[in-house]
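1. Here you go, sequence then predicted model.
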Amino acid sequence: MKKANLKSEEMKAVRDDILALTNSPLYDFRVENGYFPVVGEGNLDAHIVFVGEAPGKNEAEKDRPFCGASGRILDELLASIGMDRAKVYITNLVKDRPPENRDPSRDEIALYAPFLDRQIAIIEPRIIATLGRHPMKYIFERFGLSSKLKPISQIHGKGFKATGPHGEVTIIALYHPAAALYNGSIKKDLVKDFKILKKYV
């Protein structure tokens, strides 16, 4: 395991590189609105990393992942299994907010994904929990699980073993907490899936 000061230095380098990402198609939108890129938040020695899609307006204004309505749902889910938010690491696949909260484009995902790869290599988690279909697709393909990819409705809450640069890792696909704001059945699925998630931690 890497020493804490080395992890902190490496994560700062990730942040600096994202701040300087002027070739991003989202950079001008960031500057025009006074937004921040949202790099991530949490414990650099976390056993579990949560990966969302991209920051929303609240997140981009406050430089914090999942700090709006979907963040309250995520906090509830973590609390439901006695998991302290400060002990996990939370980030997004794309670090800048897309206009109108649209889905990130393929090019945007390709541009920002290497930063997520670096974060995972720094933290060395045992579990990666994806929140939504875009991070699910990326992480499954990145960790050699393409053959296991199915609609999230079919594989949510199931653990898939994979090998990362730091050893074995379990990948778990979860619905995005924002979906639970509009769909009570998805909220029930998330509550069940977090109970399953706890078994892996």
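-> Everything's here; your move.
2. got the buried residues for stretch 52-71?
-> Across stretch 52-71, burial judged by 16 or more other Cβ atoms under 10 Å covers 52-56, 58-61, 64-68, 70-71. C-beta: built from backbone N, CA, C; applies to glycine.
3. What's opposite residue 131 in the beta bridge?
-> Listed beta-bridge partners, residue 131: residue 174 (assigned using DSSP bridges).
4. quick one: contacts for it?
-> Residue 131 makes contacts with 50-53, 74, 174-177, as judged by Cβ atoms under 8 Å, 6 or more residues apart in numbering.
5. ok, 10 Å please
-> By Cβ atoms under 10 Å, 6 or more residues apart in numbering, the contact list for residue 131 reads 50-53, 65-66, 70, 74, 90, 92-93, 173-179, 190.
6. Next step: those residues restricted to helices.
-> 70, 74, 190 (DSSP state H).
7. out of the contacts of residue 131, which are buried?
-> 50-53, 65-66, 70, 74, 90, 92-93, 173-179, 190.
8. Among the ones in helices among the contacts of residue 131, which has the minimum pLDDT value?
-> In this model, the minimum pLDDT among the ones in helices among the contacts of residue 131 belongs to residue 70 (93).
9. Quick check, central residue of this structure?
-> Nearest residue to the geometric centre of the chain (Cα atoms, centre = their mean): residue 51, 1.2 Å.
10. Verify the stated contact: it with residue 119.
-> Yes: applying Cβ atoms under 10 Å as the test, residue 51 and residue 119 come out as touching, 9.0 Å apart.
11. which residues do those two both contact?
-> With Cβ under 10 Å, 6+ apart, residue 51 and residue 119 have common neighbours 40, 89, 91.
12. Now pLDDT too, for those residues, in JSON lines please.
-> What follows is the shared contacts of residue 51 and residue 119, written out as JSON lines (pLDDT from 0 to 100):
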{"residue": "40", "pLDDT": "98"}
{"residue": "89", "pLDDT": "98"}
{"residue": "91", "pLDDT": "98"}
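13. Can you tell me which of those residues lies closest to residue 148?
-> For those, the residue nearest residue 148 by Cβ to Cβ is residue 91; the value is 22.4 Å.
14. looking at the sheet around that closest one, what are its partners?
-> Going by DSSP bridges, residue 91 forms beta bridges with residue 51.
15. Could you check how many residues crowd around it?
-> 24 (other Cβ atoms under 10 Å).
16. got any ranges where this protein has weak pLDDT?
-> Applying pLDDT under 70 to the chain flags residues 1.
17. how about a cut-off of 90?
-> Along the chain, segments meeting pLDDT under 90 span 1-4, 68, 101, 164-166, 182, 184, 199-201.
18. So which residues of it form helices?
-> 4-19, 27-32, 57-62, 69-80, 106-123, 133-142, 152-155, 184-200.
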